[in-house]
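>>> just need the structure, nothing else, for what follows:
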Amino acid sequence: MSTPDRPRRNFYGRLKGKSLKASQKTYLAEDLADLSPGPVDWEANPDRTPLDLDALFDGREAWLEIGFGGGEHLVHQATANPNVGIIGCEPYINGVAMLLGKIRRAGADNIRVHPGDARDLFDVLPAQSISRAFLLYPDPWPKARHHRRRFVTPEHLAPLHRTLKPGAILRVATDIEDYVRQTLEEVPRAGFEWLAERPGDWRDPWDDWLSTRYEQKALREGRTPHYLTFRRV
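The predicted structure is shown next:
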């Protein structure tokens, strides 16, 4: 098989924050490799061979969380839905370490972790293979000149659409009003239907929602969360 040219991709987010705790270093050293979804990075998979999700999750339905932060929502969903396999994608290594600790404590065996750029993961996710996706409190990039860095742009939404099954659900939570506007403009253009029928459909959290630490910070600072639900069409 021929090797495709690697696309040039700029990455603007944080990769690492303050020093890791000794326990977090242990989680990364002992657990991360075993929880990999497979060969995602170009160095390991230059031909971009698709991942075998049926083998990865023993035939279970596959979900995806893009940018899981500290991992509390991801672990919550995994423990509440043991018949589902969930891939979490997060380039911020401190958040990855936090998630690994939560996975240990919860004993969840249906989570896989990609500690990197979601676009590399999209390259190797099979078409129409994901049943549900979560984008929760993504980096807002508040300056207007940085809005093109947001996830809700064609560069990210087109491959996300490709990997989702027809009828798959995409949940987006954000406390940034301008991010809501851009989401409602761009996501439907990418092949999604907004499912809201009444104000409570975007004002009220989902029935199975677990409020994250990012949301709690937003509430303390007086910002209003929005909960947007889309269907892939």
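
>>> mind listing what the residue positioned nearest the centre of the chain touches?
The chain has residue 66 as the residue nearest its centroid, 0.9 Å off, counting by CA atoms, centre = their mean. Neighbour list for residue 66: 89, 118, 133, 134, 135, 138, 151, 160 [criterion: CB atoms under 8 Å, 6 or more residues apart in numbering]. The C-beta positions use only the backbone N, C-alpha and C, and glycine is treated the same way.

>>> quick check, nearest of those to residue 207?
Set against residue 207, the nearest of these by CB to CB is residue 134 (14.5 Å).

>>> low-confidence bits of the protein, can you list those?
Applying pLDDT under 70 to the chain flags residues 1-6, 8-17, 141, 146.

>>> got the residue ranges for the strands in it?
Listed in chain order, the strands of the chain (DSSP state E) span 61-66, 84-89, 111-114, 130-136, 164-174, 192-194, 226-232.

>>> identify the residues contacting the last one?
Residues from elsewhere that reach strand 226-232, judged by CB under 8 Å, 6+ apart: 161, 164-175, 177, 180, 183-184, 187-188, 191-196, 201-206, 209.

>>> the third one too?
When contacts are taken as CB under 8 Å, 6+ apart, the neighbours of strand 111-114 outside the stretch itself are 32, 35-37, 40, 56-57, 74-75, 78, 85-90, 96, 99-100, 103, 120-121.

>>> quick one: strands adjacent to it?
Here strand 111-114 is paired, per DSSP bridges, with strand 84-89 (parallel).

>>> next one: the shortest one
As defined by DSSP bridges, the strand partners of strand 192-194 come to strand 226-232 (antiparallel).

>>> for the strand it pairs with, buried residues please.
226, 227, 228, 229, 230, 232 (16 or more other CB atoms under 10 Å).

>>> separation between the nearest residue to residue 108 once chain neighbours are set aside and residue 57?
Counting by CB to CB, 6 or more residues apart in numbering, residue 78 is the residue found nearest to residue 108 once chain neighbours are left out, at 4.4 Å. Distance of residue 78 to residue 57, given as CB to CB, to the nearest Å: 11 Å.
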